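**Q** Structure for the following, please:
(one chain, ligands or ions: 2)
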Amino acid sequence: MEASPATIRLCETTGLGSRSCADHHSPHPQHYSQTGHQGKIWHDEVTNVTVELLIEKLKPENEKRVEPASQGEPMGPFKIRAEKLNAWFGQNHVLKDISIGFRENEVTAIIGPSGCGKSTLIRCLNRMHELVPGARTSGSVFLDGAEIYSKHVDAVQVRRTVGMVFQKPNPFPTMSVYDNVAAGLKLNGMRNQRKLDEAVLNSLKKAALWDEVKDDLDKSGVSLSGGQQQRLCIARALAVEPKVILMDEPCSALDPIATAKIEELIASLKEQYTVVIVTHNMQQAARVSDRTAFLYLGQVIEYGETTHLFENPAQELTERYVTGKFG
Ligand SMILES: Nc1ncnc2c1ncn2[C@@H]1O[C@H](COP(=O)(O)OP(=O)(O)O)[C@@H](O)[C@H]1O
Ligand SMILES: [Mg+2]
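**A** Numbering: from 1, shown residues only. Ligands and ions are numbered 1, 2, ... in the order given. As a prediction, this is how the structure comes out:
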């Protein structure tokens, strides 16, 4: 099945993968589990096979090729780590030899002026960068010690394991609240209704949305408020059991009350996940994160504990940025 450009764009921005997403734009996607037409997608043998292949191939031996990290942080118990990562859009070299690790059960904030490469960096952590025509990377990203750019690894599965939440909430427009959360599981082949119900409930609870939507699961996802839609997108990412959650300015389209709820949620998510959040709001970085990385012109200028980076930065450039002298 050929996906329309609009379909591909939607799928890219959810991280659920473009290969099986074509039917999110079919006339009645909320009925997909009952229709033969859409059943073809959910029964996609290729998807299942690739998922199994990934489990087989994501083995730590690739780690042997790594040289020590070189930008401030010692080698440590990183859940996900970039090593000499470079990224380009065509001729534009936007990330330059970045080596940085993110710890489990912590929130790491990425700050820096507009255009410095924050979004590109996190999009390289789940192989979304390569979805842009002409975009490429070099270097490595290790998840639990296994190279996600290995040719044996399925990028779609990487995007489930390393989930992404975007600036603008983007629920699947034609789907109910329930189906938005269940979509990724159905793509993975889950058809047991009881298990699906359980996963939807758990994901909505973890995303601090259950109490607000439990009587409206059949309502359209886009009928929710902006803040609720963003938590729905977080629930959708959580449903496929990620290990890492990337958030690209997740509050920039939200009002202060909705923002406070997401920040509270981020604090609870770190108990179970590795969270990386891009933010242009330095107060937010200071409130939610354990560590902060300051990026400038595609390089990590400084990376360390958030309080240290804000109160006693080692680099003059960091000091100038966090005190609002540029950016
Ligand atoms: N889709 C794209 N196509 C071409 N260039 C892009 C694209 N997205 C970003 N860039 C360029 O890459 C650089 C880094 O952008 P980005 O990672 O979005 O920065 P930030 O998130 O820090 O604002 C900028 O020069 C930007 O213009
Ligand atoms: Mg950005």
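
**Q** which residues of this structure fall in strands?
**A** Secondary structure of the chain (DSSP state E): strands at 78-89, 92-103, 107-111, 135-143, 146-147, 162-165, 244-248, 274-278, 291-296, 299-305.

**Q** Which of these comes out lowest on mean pLDDT?
**A** Lowest mean pLDDT within these: strand 146-147, a mean of 92.

**Q** got the contact list for V275?
**A** V275 is in contact with E106, V107, T108, V244, I245, M247, I266, L269, counting by Cβ atoms under 8 Å, 6 or more residues apart in numbering. Yep, even glycine has a C-beta here, placed from its N, CA and C like the rest.

**Q** And T279, its phi and psi?
**A** phi -150, psi 140 (degrees, to the nearest 10).

**Q** correct me, but it touches I262?
**A** No. Applying Cβ atoms under 8 Å as the test, T279 and I262 come out as separate, 10.9 Å apart.

**Q** Give me the common contacts of the two.
**A** Joint contacts of T279 and I262 (Cβ under 8 Å, 6+ apart) are C251.

**Q** Could you count how many residues lie near E130?
**A** Residues lying near E130 (other Cβ atoms under 10 Å) number 14.

**Q** quick one: pLDDT of it?
**A** For E130, the pLDDT comes out at 97.

**Q** before we move on, what about F326?
**A** pLDDT, F326: 88.

**Q** From V162, how far out is it?
**A** As judged by Cβ to Cβ, to the nearest Å, F326 and V162 stand 31 Å apart.

**Q** Would you quantify the distance from C251 to E302?
**A** 23 Å.

**Q** Number of residues surrounding S176?
**A** S176 is surrounded by 20 other residues when neighbours are defined as other Cβ under 10 Å.

**Q** circling back: who has more neighbours out of F326 and V162?
**A** Neighbours were counted for F326 and for V162 using other Cβ under 10 Å; V162 has more, 26 against 9.

**Q** Might you report the residue contacts of H93?
**A** Residues counted as contacts of H93 (Cβ under 8 Å, 6+ apart) are N86, A87, G298.

**Q** can you narrow the residues you listed to ones near ligand 1?
**A** Among the contacts of H93, no residue is within reach of ligand 1 (Cβ under 6 Å from any ligand atom).

**Q** I'd say T292 and A285 touch.
**A** Yes. Using Cβ under 8 Å, T292 is in contact with A285, at 5.4 Å.

**Q** overlap in contacts of the two?
**A** A109, I111, T306, F310.

**Q** Among those, which one is most surrounded by other residues?
**A** I111 (29 neighbours).

**Q** What residues are bridge-paired with it?
**A** Counting by DSSP bridges, I111 forms beta bridges with F294.

**Q** show me the contacts for it.
**A** K118, V278, T279, H280, M282, A285, T292, A293, F294, L295, Y321, V322.

**Q** and which of those is nearest to R194?
**A** V278 (37.2 Å; Cβ to Cβ).

**Q** shouldn't the closest one be in contact with Q284?
**A** No. Here V278 lies out of contact with Q284, judged by Cβ under 8 Å, at a distance of 10.3 Å.

**Q** G298 and G117 touch, don't they?
**A** Yes. Using Cβ under 8 Å, G298 and G117 qualify as a contacting pair, with a distance of 4.5 Å.

**Q** Which neighbours do those two have in common?
**A** Listed as contacting both G298 and G117 by Cβ under 8 Å, 6+ apart are A87, V94, L95.

**Q** so how far is R136 from the first one?
**A** As defined by Cβ to Cβ, A87 lies at a distance of 7 Å from R136.

**Q** Name the residue in those two with the higher neighbour count.
**A** A87 (25 against 12).

**Q** Contact partners for that one?
**A** By Cβ under 8 Å, 6+ apart, the contact set of A87 is H93, V94, L95, G117, T120, L121, C124, H129, A135, R136, T137, G298.

**Q** Take the residues you listed and write them to CSV, including distance to E147.
**A** Below are the contacts of A87 laid out as CSV (distance: Cβ to Cβ, whole Å):
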residue, distance to E147
H93, 22
V94, 21
L95, 17
G117, 21
T120, 19
L121, 17
C124, 13
H129, 15
A135, 19
R136, 16
T137, 12
G298, 22
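
**Q** if we take the shared contacts of T292 and A285, which one ends up nearest to ligand 1?
**A** The nearest member of the shared contacts of T292 and A285 to ligand 1, counting by Cβ to the nearest ligand atom, is I111 at 9.2 Å.
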